[in-house]
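J.: quick check, what structure comes out for this input:
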Amino acid sequence: MGGYDLSEGVYKTGNYSEEELWKAFRNVFSTKTINSSSYKFVFLKSIMDCIHRYNKIDYTFYEIFERFTEIYWILVVKYGLAQNNSNSKETYIEQILKEYVGCTTGDKSLTIQFNDLTLSAKERIVYQVTKKCKKYVVGALYGDTNGLFYSFSKKKEVIELNPVMKDFVLRHEDALEELNYFELTKFIDKVNSREKIDSIIQEKRYKKNDSIEVYRQLLYDEFETEHVSSTSSLGEVNTIELLMEAEENYSKTRLIERENAYYKKIYEKEVSIEKDTENMKIYLDDPERVIKMIKVRHRISC
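T.: Residues are numbered from 1 along each chain as shown. Below you'll find the model as predicted:
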């Protein structure tokens, strides 16, 4: 039985190495995995955000899917971005949110914020999303992470994180976030038109045209700016400023040239990351430096 068909699952316990824990996420980011929607990436993002929001091991489906709904509200309602690999139908999340805001046809987007809704309205939407979207994604992510990430019960509507994996995620969350965003942006780019990208570039006044970079910047702007600004561990302003200055003046010194070559080599691992475990290990072997490189590459200041 595939993970998506499971009604419940119990996480595996044991003495797992760092490499084995990384491998637990390999299928999530594998290009060999066929994704009919963006659910898996947003569900993983929701769990990681809830770790910070609630700081506990066990979660109700409502807590996870509330964050899930908040993220999709921005993607679907605010920007009108498609989330299904099929042109003939929409995902449940798209149907629920579009029906609520009254734009069931076309790709019309609205500026109303999820937090502008009344508490009862938000609860009603989240319950609908939980009921429809829990069917496959909870078991699918459980299966893709080799049963190591969490236990779950669809009947009780609860998730319990494996403490070992929770600690692992917190230690490597920057790298996991970047990998997850990269795959999410690739999926969104694949199922949306170039016209959608152009409208976002114009609205956000981005100075870049590459669609993957635009979507990555959009996700960062919408979902990370507040978190980063309130996180002291990411407050290394001087380091980031020096890295940005180094990129702008890289032709002036050999040292900066070597830095750029190093960043480029690591970044290129993204296109071959699924080939084998060793590539994954090399790419992630210095996640803090990788994240700083990504921020420099996208001209993100924090």
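J.: give me phi/psi at Trp22?
T.: phi -60, psi -40 (degrees, to the nearest 10).
J.: just give the number of residues close to it.
T.: A count of nearby residues for Trp22, using other Cβ atoms under 10 Å, gives 19. Placement of C-beta: from N, CA and C, glycine included.
J.: can you check the one 3 residues further on too?
T.: Counted with other Cβ under 10 Å, the burial measure for Phe25 works out to 26 neighbours.
J.: checking it next. Helix, strand or coil?
T.: coil (DSSP: H, G, I helix; E, B strand; the rest coil).
J.: over to Lys156?
T.: coil.
J.: measure it to Glu63 for me?
T.: Applying Cβ to Cβ, to the nearest Å, the value for Lys156 to Glu63 is 13 Å.
J.: please apply the same query to Ile212.
T.: Ile212 is 31 Å from Glu63, by Cβ to Cβ.
J.: who has more neighbours, those two?
T.: Per other Cβ under 10 Å, whichever of Ile212 and Glu63 has more neighbours is Glu63, with 21 against 15.
J.: I'd say Phe61 and Val129 touch.
T.: No - in this structure Phe61 lies outside contact range of Val129 using Cβ atoms under 8 Å: 9.7 Å.
J.: list of residues touching the stretch of helix or strand Ile64 belongs to?
T.: Taking DSSP states H and E as the definition, Ile64 sits inside helix 61-72. Helix 61-72 has contacts (Cβ atoms under 8 Å, 6 or more residues apart in numbering) with 42-43, 45-47, 49-50, 53-54, 83, 93-94, 97, 114, 122, 125-127, 129-130, 133-134, 138, 157-159, 223.
J.: give the next helix or strand downstream of that helix.
T.: helix 92-101.
J.: may I have that next one as PDB, with CA atoms only?
T.: Extracted in PDB, the C-alpha atoms of helix 92-101 (Å, rounded to 0.1, in the frame of the first residue of the first chain):
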ATOM      1  CA  TYR A  92      -9.400  20.900  -3.500                       C
ATOM      2  CA  ILE A  93      -7.600  23.800  -1.900                       C
ATOM      3  CA  GLU A  94      -8.100  26.000  -5.000                       C
ATOM      4  CA  GLN A  95     -11.700  25.000  -5.200                       C
ATOM      5  CA  ILE A  96     -12.400  25.800  -1.500                       C
ATOM      6  CA  LEU A  97     -10.600  29.100  -1.400                       C
ATOM      7  CA  LYS A  98     -11.900  30.400  -4.800                       C
ATOM      8  CA  GLU A  99     -15.400  29.400  -3.900                       C
ATOM      9  CA  TYR A 100     -15.200  31.300  -0.600                       C
ATOM     10  CA  VAL A 101     -13.900  34.500  -2.200                       C
END
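J.: after that helix, next one along is what?
T.: Assignment by DSSP H and E places the next element after helix 92-101 at helix 119-144.
J.: just how off-centre is that next one within its chain?
T.: Remark: helix 119-144 is offset 17 Å from the chain centroid, using Cα atoms, centre = their mean, to the nearest Å.
J.: now that helix against helix 61-72, angle please.
T.: 100 degrees (axes from the mean of the first three to the mean of the last three Cα atoms, to 10 degrees).
J.: contact partners of the very next helix or strand once past helix 119-144?
T.: Downstream of helix 119-144, the next assigned helix or strand under DSSP H and E is strand 150-153. Applying Cβ under 8 Å, 6+ apart, the set of residues contacting strand 150-153 from outside is 7-11, 47, 138-139, 142, 158-162, 165.
J.: out of these, who has the most neighbours?
T.: Counting by other Cβ under 10 Å, top hit in the contacts of strand 150-153: Val138 with 28 neighbours.
J.: which stretches of the stretch 51-200 of the chain have low pLDDT?
T.: Low-confidence segments of the stretch 51-200 of the chain (pLDDT under 70): 103-110.
J.: revised request: answer the last question for the stretch 201-302 of the chain.
T.: Looking at the stretch 201-302 of the chain by pLDDT under 70, you get 225-302.
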